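In: please find the sequence and the predicted model below.
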Amino acid sequence: MRSHYCGDIQSSDIGAEVEISGWVHKRRDHGGVIFLDIRDLHGIVQVVFNPESKDTFDLADSCRSEFVINIKGLVRARIEGAINPKMATGEIEIEAQSLIIYSKALTPKFPLDDYQEVNEDVRLKNRFLDLRRPDVNDRLIKRSKITSKIRSVLESNNFHEIETPILTRATPEGARDYLVPSRVHPGEFFALPQSPQLFKQLLMIGGLDKYYQIAKCFRDEDLRADRQPEFTQVDIEASFVTTEDIINLGEDLITSLLAEFTNYEPIEVPRIKYKDAITKYGCDKPDLRIPLELEDISELMKNEEFKVFSGPANDPKARVVALRVPGAAELTRKKIDEYTDFVGKLGAKGLAYIKVVALEEENGLQSPILKFLDQATVNSVTSALKVENGDMIFFGAGNANVVNLSMSSLIKKLADDLDLYVSEWAPCWIVDFPMFERTKENKLTSLHHPFTLPVVTIDELANNPDEALACAYDFVLNGYELGGGSLRVHDPVMQSEIFKILGISSEEADEKFGFLLSALSSGCPPHGGIAFGLDRIVMLLTGTTNIRDVIAFPKTQSASCLLTNAPGEVTLSSTRGVTRAING
RNA sequence: GGUCCGGUAGUUCAAUCUGGUUAGAACGCCGCCCUGUCACGGCGGAGGUUGCGAGUUCGAGUCUCGUCCGGAUCGCCA
């Protein structure tokens, strides 16, 4: 049905008879001559119809936008003055010899050209139209190429792609599960996997040595710009490996993608300890394209009269930080108020600042808080921050979590507003994660997951779980957590101890994880792995900030599909047996 | 669950702050004209339950409350 893709026809094809199939992109009717721009996946080409062949001309006259047609014709050079340099195929055109209309089309619900932005809900309701737009299908094609490259890197490292079940068991920890009622076992449910975590460990115990999978994962949690309820992981696990082995592999994988699909210039990927990341950036996924860091000034503020600073400085659960923003002294009062409001929504009680106007002069600093602070303390702060004239210093003080969240968010906002980015690609590893963190109820919960190998011995872990570090690592790119992994526990006694620390009774552990403990007891190789978020990788490599842009049929923020109207009610016939499953 | 932004022709927006005649524009669509356009052009035309429901008012697209939908974000996401 075609000899060429529309977008591929070039001057070298002049004189050739070609056959193309595609969609009517635009019709320009000049009365005596009709131009149809025909579009397919590769691009657009202009077809010319003259009245000499009346039937074909009349057919072309009846064509409308998005009709699906077939053209046979002769490629010829455009006449002088009619060359369109804005078009990839602008030097040639097709002189139509015949036209077949395969399929008529209603007027599209929205324009498919690039001259008008269309709201996302309209696009998602008519995704089949949206997918025809080059910038949309380009991203999906690039996703396919990225996945292919991932497979080739992993295959060349002797990894084997193995599938794991979609219908599986609910897990007690972690995200909410999507549940599937079992007809055969009334009252019982499958869960869709949050990740293939346990299966890939079982594959290692099963001697498969090196596993990977492009795996669909499901988490019934609220959505974000970079989070969908079903998403895809590049899931990797290997036996007899160290942290170093996995980090090297993960880094090779991502940097080879960056090298192939971007203008990335290789750098040594820094490794940052979790604790240092929190101290310096206020978060565990810093955007290292931004040259801003928090300076902890709690020590300096301990003896100040100013309670706003000295209070948190003397509270072990609080902190006081200063943020030097080079050249930002020009920020207006209105803008500063906006930032105060911004951090306020994240829980901060205020946003103190000092403008550095003329450091060498007596009144060279401007700030409402100067009168509350000792001059020597101010001097210590300015010298610790190495400030220069024209800088702005912002302060965060209070509960450590609030300060970290608000100041790390402020850093990203300032970077956007003031265009502070100094590089295009800034990867890093975050390492030395704690094993556990405390919930609001002061219970211990896994920071990574319960199968993570601690750095310490069983006794040390049991005696001081709060301080124990994990053999875990996250890969962060431009402020996005792209992947994370760990070495896994391969000793059933250690695994039982971790369940115990997490408050999972041995009965529950046996009931939910008996198969794992039994597997660990039957000859388990030391193993570990990592999983990358494929959607986020593609998102970054295609330059978008919205995960929906790289998924063919994404869900809205309320986890529904505007195209199919899923989820929906089910008919009685399709629920046969299932109500019994739900009601027990 | 919280906070914030948005919802007006098929599409993108204006009119909302400051309530007041028949809710406008562009693109698209329909008809007529046009042999070199390419976001073609000219003339004419059709197209609206202002998301939905209450309330305030002589009068509501505009103000208030509720609700639904879309988006950003906090919580949540081992």
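Out: Yep, it's here. The shown structure was predicted, so the numbers you read here are calculated from the model rather than taken from an experiment.
In: what's near enough to touch residue A:199?
Out: Shown in contact with residue A:199 (C-beta atoms under 8 Å, 6 or more residues apart in numbering): A:164, A:165, A:168, A:193. Quick note: C-beta positions are derived from backbone N, CA and C, even for glycine.
In: try 6 Å
Out: Shown in contact with residue A:199 (C-beta atoms under 6 Å, 6 or more residues apart in numbering): residue A:164.
In: what do you get for residue A:377?
Out: Per C-beta under 6 Å, 6+ apart, neighbours of residue A:377: A:300, A:304.
In: check what contacts the longest helix along chain A and list those residues.
Out: In chain A, with assignment by DSSP state H, the single longest helix is helix A:134-156. With contacts defined as C-beta under 6 Å, 6+ apart, helix A:134-156 is touched by A:130, A:131, A:212, A:234, A:253, A:256, A:260, A:538, A:542, A:549, A:550, A:552.
In: who does the helix or strand following it pair up with?
Out: Counting by DSSP states H and E, the next helix or strand C-terminal to helix A:134-156 is strand A:160-161. Here strand A:160-161 is paired, per DSSP bridges, with strand A:210-218 (parallel).
In: ok, and does the strand it pairs with reach over to RNA strand B?
Out: No: with C-beta under 7 Å from any atom of the strand as the criterion, RNA strand B is not reached by strand A:210-218; the gap is at least 8.2 Å.
In: that strand versus helix A:134-156: what angle between them?
Out: 150 degrees (axes from the mean of the first three to the mean of the last three C-alpha atoms, to 10 degrees).
In: which helix or strand lies directly C-terminal to strand A:210-218?
Out: The first helix or strand that comes after strand A:210-218 along the chain, using DSSP H and E, is strand A:230-239.
In: out of the contacts of helix A:134-156, who's nearest RNA strand B?
Out: residue A:549 (9.7 Å; C-beta to the nearest atom of the strand).
In: against residue A:362, how distant is the closest residue to that closest one other than its chain neighbours?
Out: Spatial nearest neighbour of residue A:549, excluding adjacent residues (C-beta to C-beta, 6 or more residues apart in numbering): residue A:139 at 5.9 Å. Per C-beta to C-beta, to the nearest Å, residue A:139 is found 57 Å from residue A:362.
In: please, a ChimeraX command that selects the buried ones among the contacts of helix A:134-156?
Out: Here is the ChimeraX command that selects the buried residues among the contacts of helix A:134-156 (16 or more other C-beta atoms under 10 Å):
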select /A:130,212,234,253,538,542,549,550
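In: so can I have CSV of the contacts of helix A:134-156 showing secondary structure, pLDDT and distance to residue A:522?
Out: Formatted as CSV, the contacts of helix A:134-156 follow (DSSP: H, G, I helix; E, B strand; the rest coil; pLDDT from 0 to 100; distance: C-beta to C-beta, whole Å):
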residue, secondary structure, pLDDT, distance to residue A:522
A:130, helix, 97, 51
A:131, coil, 97, 49
A:212, strand, 98, 24
A:234, strand, 98, 29
A:253, helix, 98, 31
A:256, helix, 97, 37
A:260, helix, 98, 41
A:538, helix, 98, 39
A:542, coil, 97, 45
A:549, helix, 97, 45
A:550, helix, 98, 41
A:552, coil, 98, 42
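In: follow-up on the earlier one: between residue A:139 and residue A:362, point out the one with more neighbours.
Out: Neighbours per residue (other C-beta atoms under 10 Å) separate residue A:139 from residue A:362, with residue A:139 holding more: 20 against 6.
In: how near is that one to residue A:432?
Out: From residue A:139 to residue A:432 the distance is 36 Å (C-beta to C-beta).
In: show me the helices in the stretch 401-550 of chain A, by range?
Out: Ranges of helices in the stretch 401-550 of chain A, per DSSP state H, counting those that start in this stretch, are A:458-463, A:492-501, A:506-520, A:534-541.
In: hmm, who's touching the third one?
Out: The set of residues that contact helix A:506-520 without belonging to it, under C-beta under 6 Å, 6+ apart, is A:172, A:198, A:202, A:205, A:492, A:495, A:499.
In: if we go to 8 Å?
Out: Under C-beta under 8 Å, 6+ apart, the answer for helix A:506-520 is A:169, A:171-172, A:198, A:201-202, A:205, A:451, A:489-492, A:495-496, A:499-500, A:504.
In: ok, how many other residues are close to the closest residue in space to residue A:369 that isn't next to it in sequence?
Out: With sequence-adjacent residues excluded and distances taken as C-beta to C-beta, 6+ apart, residue A:369 is closest to residue A:352, at 4.9 Å. Residue A:352 has 21 neighbouring residues, counting by other C-beta under 10 Å.
In: highest average neighbour count across the helices of the stretch 401-550 of chain A?
Out: With neighbours defined as mean count of other C-beta atoms under 10 Å, the helices of the stretch 401-550 of chain A peak in mean count at helix A:534-541, which reaches a mean of 24.
In: alpha carbons of that helix, as CSV, please.
Out: The C-alpha coordinates for helix A:534-541 follow below in CSV (Å, rounded to 0.1, in the frame of the first residue of the first chain):
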residue,chain,number,x,y,z
LEU,A,534,11.7,3.7,32.7
ASP,A,535,9.0,6.4,32.4
ARG,A,536,11.1,8.9,34.3
ILE,A,537,14.2,8.0,32.2
VAL,A,538,12.2,8.6,29.0
MET,A,539,10.7,11.8,30.5
LEU,A,540,14.2,13.3,31.1
LEU,A,541,15.6,12.1,27.8
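In: is RNA strand B within reach of it?
Out: No: for helix A:534-541, no contact with RNA strand B is found by C-beta under 7 Å from any atom of the strand; the gap never falls below 11.1 Å.
In: what's near enough to touch residue A:217?
Out: A:193, A:194, A:195, A:196, A:230, A:231, A:232, A:233 are the contacts of residue A:217 under C-beta under 8 Å, 6+ apart.
In: quick check: bridge partners of it?
Out: When bridges are called by DSSP bridges, residue A:217 pairs up with residue A:231.
In: gap between it and residue A:435?
Out: 23 Å.
In: before we move on, what about residue A:505?
Out: Residue A:505 sits 19 Å away from residue A:435, taking C-beta to C-beta as the criterion.
In: more neighbours, those two?
Out: residue A:435 (27 against 10).
In: which residues of the stretch 251-400 of chain A lie near RNA strand B?
Out: So the stretch 251-400 of chain A meets RNA strand B at A:345, A:346, A:347 (C-beta under 7 Å from any atom of the strand).
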